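Asks: here's my sequence, what's the structure:
(one chain, ligands or ions: 2)
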Amino acid sequence: MMNTSTGGPTPKKMKFSQNGDDHYTKIREERLQLPIRPARSRLIQEVQRHNSVVVIGETGSGKTTQIPQYLFEAGLHRNSIIAITQPRTVAAITVSQRVALEKRSDMGDLVGYRVRFDDTTSEHTKIKYMTDGMLLREAISDPLMKRYSIVILDEAHERTIHTDVLFGVVKSAQRQRHKLGMKPLKIIVMSATMDVDHFSQYFNKAPVLYLEGRQFPITVMYCKEEQSDYLFASLVTLFQIHREALPQEDILMFLTGQEEIESAAKSIRDIAKNMTGNVPNLIVCPLFAALPSQQQLKVFQPTPKGCRKVIIATNIAETSITVSGVKYVIDSGKVKAKIYNSRGGLDLMKVVHVSQAQAQQRCGRAGRESPGTCYRLYTEQQYEAFRKTTIPEIQRCNLASVVLQLTAMGIQDIVNFDFMDKPSTEAIISAIEHLKLLGALENTEEIRLTSIGKQMAEFPLDPRMSKAIISAKDFKCLEEILTIVSLLSVDSVLYTPQSRREQAVAVRQKFMSSEGDHITLLNVFRAYKGVNGNKAWCQENFINMRNMRTVFDVRRQLRDICVRQDLPLNTCGHDTASIRKCLATGFFMNSAELQKEGEYMSLSTRKSVTIHPSSALFHCKPAYVIYNELVQTTKCYMRDLCVVDADWLYETAPTYFKKKKPGECAVVNYYSLLVINLMK
Ligand code: CDP
Ligand code: MG
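Replies: Ligands and ions are numbered 1, 2, ... in the order given. Next up is the predicted model:
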């Protein structure tokens, strides 16, 4: 090691800069210009005086990037860590990168992030951005959150299931620390839009700090008539604006999901290419959570002279990501959301109307830098009929993983847990039943984890997935299950560009398995490994290399947990039946049965479901399948399917399923071998 001539301690790292200082000066000036700046000292004072503070301020005012820095600069972290939670992984990463830049910190030094399967923090990290799910996971082993002095719950209005559980867990940690005479835990709740009274009330009447934002007037235009096809309406509106508006006046359009956005982007590019007359060049930027970050950056680049940018985004652009230059907003009024069917205990992804609060937030994005216009693709009457605020996710999704986590934290009375808005007792009971069926909870009145349940709680996964991992020892296929679970935990490794869809499907035919998508994905993974992740091979086969690398990373971490739990790392080679049997032990509740008419029926909800066109089984009709998720568009589609035997389902959960007697079959359904045993 090199030492300095004075013999003093070696500085950790020498930093030199040639022209870079201009860059930092600019960043420093930008920081000083942010609307939040004048509130700095007031904020610091409030946090010194109170244990909980609510902060509300427009998107882009500097809450997420500046507040942690202000508190740090004022020494309020008292040598421990300031945690800032985000509902979305992308936001946690991009924001921490920005703050690291502002603080001239290497990532993971003073500033770092921790998201599922990726932890950049070190013992030097004092400003730590993380997903709310991650902080919740840490709370299992550290319910008092001892390593933190301040927890900032950001984007509180999103009310994801994790945020809501975290509210209760952080609040309880604060109370406990006070009781035990420990250092106080400061809680800051932030959002651009929220029911401040409700939040303030819940956090022990916390004071509310309103930040002055920059907001220019916005003209709101409603459709005169209801639109039956919001996609069509959005394209028509977009080109209407495009023909008339000045160049560089950018457009932000809200649609619902990746596939829809990619297909709209393609249509827009096609139409724009064939436009005649004097119109600016149109730059089309899709924006959704799964988009690789390099492509996301395109959204932030200034629009070149004489051009126009149109950003087609999911609700990620409502608050999480700030895009500058937007003059027009086109709001489809739709959002993709999880809906819960408590009878079947199942989640369903579905496109629904936004709430009025969401519509207002979207509208606000048009007036950040100058007056703007928002086109709403619905009528004013429709708007009036929208819900005022969004229903928190906790009241509309399967609570199995919440119940598992809370139980792992030692909280038994889940029905009386201090939720900000309580989920229904029915949903909690259904989650408890779900966990009992998975073997995670004791079959007793008292809520207690079994040894399997304890093991399951250690995996940052849906309980169904962790159950399959733990069952793998019985089928000697842990290596394969780890691969499959990792593949299902990241964004798709199959890259299918709209313009070359047929080619991609044809070249990947060789991976297709008649046993379903799980085995197909396993084939892809094995082939990729066989060529050592060769880049040309990936391009040729339309495999997303970045996501594939993430799969390896995720797999390594899950494998580490398995090693810690002494699970035997067996491989079953080509015995794919073992793999499918093993998957059935976790996913038996997501099963469907072929009916006489050639349709499928979900066994738990008794609803008609269809194989998604992207599935390897699209042209097959196996008698029984299990699926990873349900997505409702024109129909209710099952995604990521695996062929199973009726017997496996029955054997894995005999109390849940009942074998039909031959007589029964003829009445209800000729093909049906199984019925759900309605225990309740
Ligand atoms: O949280 P809030 O919406 O109030 O604002 P923020 O995320 O702290 O962003 C404040 C400003 O920082 C934005 O207006 C951007 O100019 C800048 N920023 C950036 O340049 N890059 C990022 N990844 C995040 C923010
Ligand atoms: Mg923010």
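Asks: for the closest residue to ligand 2 within the stretch 401-550 of the chain, which residues are in contact?
Replies: Closest approach of the stretch 401-550 of the chain to ligand 2 (C-beta to the ion) occurs at Met420, with a separation of 19.9 Å. From N, CA and C alone the C-beta is placed, and that goes for glycine too. With contact taken as C-beta atoms under 8 Å, 6 or more residues apart in numbering, Met420 is in contact with Asp164, Phe167, Gly168, His198, Phe199, Tyr202, Pro392.
Asks: pLDDT value on it, please?
Replies: We have a pLDDT of 94 for Met420.
Asks: put the buried members of the contacts of Met420 into a PyMOL selection.
Replies: Per 16 or more other C-beta atoms under 10 Å, the buried members of the contacts of Met420 correspond to this PyMOL selection:
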select buried, resi 164+167+168+199+202+392
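Asks: quick one: which of the contacts of Met420 sit in helices?
Replies: Secondary structure defined by DSSP state H assigns Asp164, Phe167, Gly168, His198, Phe199, Tyr202 of those to helices.
Asks: and of those residues, the nearest to ligand 2?
Replies: Out of those, the member with the shortest distance to ligand 2 (by C-beta to the ion) is Phe199, at 15.7 Å.
Asks: quick one: contacts for that closest one?
Replies: Counting by C-beta under 8 Å, 6+ apart, Phe199 has contacts Val54, Ala156, Val189, Ala206, Met420.
Asks: one more time with 7 Å, if that's ok
Replies: Phe199 makes contacts with Val54, Ala156, Val189, as judged by C-beta atoms under 7 Å, 6 or more residues apart in numbering.
Asks: partner residues bridging the last one?
Replies: It refers to Val189. Val54, Leu153 (DSSP bridges).
Asks: for it, what are its contacts?
Replies: Val54, Leu153, Ala156, Phe199, Phe203.
Asks: now, among the contacts of Phe199, which is nearest to ligand 2?
Replies: The closest of the contacts of Phe199 to ligand 2 turns out to be Ala156 (C-beta to the ion; 10.5 Å).
Asks: the strands in the stretch 101-250 of the chain, which residues?
Replies: With strands called from DSSP state E, counting those that start in this stretch, the stretch 101-250 of the chain shows them at 111-115, 118-119, 127-131, 148-153, 186-191, 208-210, 218-222, 250-254.
Asks: turn those into JSON lines, columns for distance to Glu29.
Replies: Below are those laid out as JSON lines (distance: least, C-beta to C-beta, whole Å):
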{"stretch": "strand 111-115", "distance to Glu29": "20"}
{"stretch": "strand 118-119", "distance to Glu29": "32"}
{"stretch": "strand 127-131", "distance to Glu29": "21"}
{"stretch": "strand 148-153", "distance to Glu29": "25"}
{"stretch": "strand 186-191", "distance to Glu29": "24"}
{"stretch": "strand 208-210", "distance to Glu29": "24"}
{"stretch": "strand 218-222", "distance to Glu29": "28"}
{"stretch": "strand 250-254", "distance to Glu29": "24"}
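Asks: go through the ones you listed and name the closest to ligand 2.
Replies: That would be strand 186-191 among the strands of the stretch 101-250 of the chain, by C-beta to the ion, at 7.1 Å.
Asks: does the closest one reach ligand 2?
Replies: No - using C-beta under 5 Å from the ion, strand 186-191 stays clear of ligand 2, with a minimum separation of 7.1 Å.
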